[in-house]
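J.: coordinates for the following, if possible.
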Amino acid sequence: MSDTAATAIAVLAALAAAASFSVAAALQHRQARLTPDAGGVRLLARLAAQPLWLAGIALAALAYGLQALALAFGPLALVAPIVATDLLFALPVAARWSRPLRARDWLGCVLAAGGVAAFLAAAPPSSGRSDAPPRDWLLAFAVVGLVCALALTAGRLATGPVRAALTATAAGAVFGLTAAVTLSLTRLLRAAGPGATLAHWQLWALAGLGTAGLLLSASAFQAGALAASLPVMDTVEPVSGVLLGTLLFGEQLAASPAGMTVQLAGAAAAIAGITLLGRYAGTPGLRTAAKQAGPVTVLAQGSDPLEPPVAYGPVPPSPGRGRPASRSAEVDAAAGAAP
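T.: Numbers count the residues shown, from 1 in each chain. This is a model prediction of the structure:
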């Protein structure tokens, strides 16, 4: 297969994954808000009987499969920024059930889409390699572990938005590493077939990373308003993925000063756009709902703001992007705080 064809498959699959993640999360969010107050098993039983919720779960699994397909044919530095645009796809669905889009929301769309486009346009064509030496993987896990340890330690000394942002930083780093492991697993799957994957570490590492990401993101959302954690997580994840792609797989960023300037400017614009979109009253929790619906479980919270997260049922592993299903009380709080 030619490089052009592989890149086309990766781009289309990444875009489809972003769209699926956003719609799946919107469906889960909608059904959670329509479900009568309940806790624990009762809430699980009520949601499990709702076609809208089940459709969201199915779309979340499909979205992870599409992201895995994109990583099987394209570099992490290409796929991660594209999947990070899923907030753009969530906006039309969220606007249908929430307030209309405002000028600030449209500005966020333009900044996020334009920033990602500029970043990718300035990137040199490079598919990188399919795997990395063991010492590089050990270094990647060690660096991510150190980032998480520092962020969580600092978070224990903070409260409110600062603690939520620091915990979200740890979650985003874990999700970036999860995407890197997913790339390695999908390339192994293409080369050796499904049976061979059971004898390698990647499949089992995904289960552990999924659990860690799930717990970290849930902690971030519980620590403060979603506006404090969601933009941080949505920023750190693709940045972590791009950096890990260069470290582990030899993927290249722009080498010339002009190209690097364009990429840095594009990244800054995309981060600014994601921050604006993350503050949209109808969006917080949407992206997170589906993209975390992968590695272990889907989480949801009822309308009681004191109600703890409830595990909903296993679905296939997800890199992050593939997060807990929406919390209606927190979304309402974010909507009330939005200017």
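J.: could you use CA atoms for every contact and neighbour count after this?
T.: Will do.
J.: return the distance of stretch 152-165 from the chain's centre.
T.: 21 Å (CA atoms, centre = their mean, to the nearest Å).
J.: quick one: low-confidence residue ranges for this protein.
T.: Within the chain, the segments meeting pLDDT under 70 span 1, 25-26, 28-45, 47, 93-99, 126-127, 218, 221-222, 225-227, 278-339.
J.: what about the strands in it?
T.: Remark: strands assigned in the chain by DSSP state E are 297-300, 310-314.
J.: just give me the neighbour total for residue 119.
T.: Using other CA atoms under 10 Å, residue 119 is surrounded by 26 other residues.
J.: contacts only, for it.
T.: 262, 263, 264, 265, 266, 267 (CA atoms under 8 Å, 6 or more residues apart in numbering).
J.: residue 193 now?
T.: With contact set as CA under 8 Å, 6+ apart, residue 193 has no partners.
J.: now residue 165
T.: When contacts are counted by CA under 8 Å, 6+ apart, residue 165 is found next to 220, 228, 229, 232, 233.
J.: once you drop chain neighbours, what's closest to residue 250?
T.: residue 128 (5.0 Å; CA to CA, 6 or more residues apart in numbering).
J.: that neighbour: neighbour count?
T.: Neighbourhood size, residue 128 [other CA under 10 Å]: 17.
J.: can you redo the contacts of residue 165 as JSON lines with neighbour count and distance to residue 246?
T.: What follows is the contacts of residue 165, written out as JSON lines (neighbours: other CA atoms under 10 Å; distance: CA to CA, whole Å):
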{"residue": "220", "neighbour count": "29", "distance to residue 246": "28"}
{"residue": "228", "neighbour count": "24", "distance to residue 246": "29"}
{"residue": "229", "neighbour count": "30", "distance to residue 246": "26"}
{"residue": "232", "neighbour count": "24", "distance to residue 246": "21"}
{"residue": "233", "neighbour count": "28", "distance to residue 246": "20"}
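J.: next, count neighbours for residue 121.
T.: A count of nearby residues for residue 121, using other CA under 10 Å, gives 15.
J.: what distance do you get for it to residue 105?
T.: From residue 121 across to residue 105, the span is 24 Å (CA to CA, to the nearest Å).
J.: can I assume residue 230 is in contact with residue 168?
T.: Yes - in this structure, residue 230 is within contact of residue 168 by CA atoms under 8 Å, at 7.3 Å.
J.: these two: which is more packed in?
T.: residue 168 (35 against 29).
J.: distance to residue 144 added to the contacts of residue 165, as a markdown table?
T.: Converted to a markdown table, those look like this (distance: CA to CA, whole Å):
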| residue | distance to residue 144 |
| --- | --- |
| 220 | 17 |
| 228 | 21 |
| 229 | 18 |
| 232 | 16 |
| 233 | 14 |
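J.: show me these that map onto helices.
T.: 220, 228, 229, 232, 233 (DSSP state H).
J.: which one is the third one nearest to, not counting chain neighbours?
T.: Here the nearest residue to residue 229 in space, its sequence neighbours aside, is residue 165; by CA to CA, 6+ apart that works out to 4.8 Å.
J.: still on that earlier bit, can I get the contacts of residue 119 in JSON lines including distance to residue 137 and neighbour count?
T.: Below are the contacts of residue 119 laid out as JSON lines (distance: CA to CA, whole Å; neighbours: other CA atoms under 10 Å):
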{"residue": "262", "distance to residue 137": "29", "neighbour count": "20"}
{"residue": "263", "distance to residue 137": "26", "neighbour count": "23"}
{"residue": "264", "distance to residue 137": "26", "neighbour count": "17"}
{"residue": "265", "distance to residue 137": "29", "neighbour count": "16"}
{"residue": "266", "distance to residue 137": "28", "neighbour count": "24"}
{"residue": "267", "distance to residue 137": "25", "neighbour count": "25"}
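J.: JSON lines for those residues, including distance to residue 237?
T.: Shown next, in JSON lines, are the contacts of residue 119 (distance: CA to CA, whole Å):
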{"residue": "262", "distance to residue 237": "20"}
{"residue": "263", "distance to residue 237": "17"}
{"residue": "264", "distance to residue 237": "16"}
{"residue": "265", "distance to residue 237": "18"}
{"residue": "266", "distance to residue 237": "16"}
{"residue": "267", "distance to residue 237": "13"}
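J.: out of these, which is nearest to residue 49?
T.: Of all those, residue 267 has the smallest distance to residue 49: 42.0 Å, by CA to CA.
J.: count of residues packed around the nearest residue to that closest one once chain neighbours are set aside?
T.: In space, and not counting its chain neighbours, residue 267 is closest to residue 115: 5.7 Å by CA to CA, 6+ apart. By the criterion of other CA under 10 Å, residue 115 has 25 neighbours.
J.: residues touching residue 115, list them.
T.: Contacts of residue 115 (CA under 8 Å, 6+ apart): 265, 266, 267, 268, 269, 270.
J.: among those, which are in helices?
T.: Counting by DSSP H, the contacts of residue 115 place 265, 266, 267, 268, 269, 270 in helices.
J.: let me have these in TSV, extended by distance to residue 71.
T.: Shown next, in TSV, are those (distance: CA to CA, whole Å):
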residue	distance to residue 71
265	25
266	22
267	20
268	24
269	24
270	21
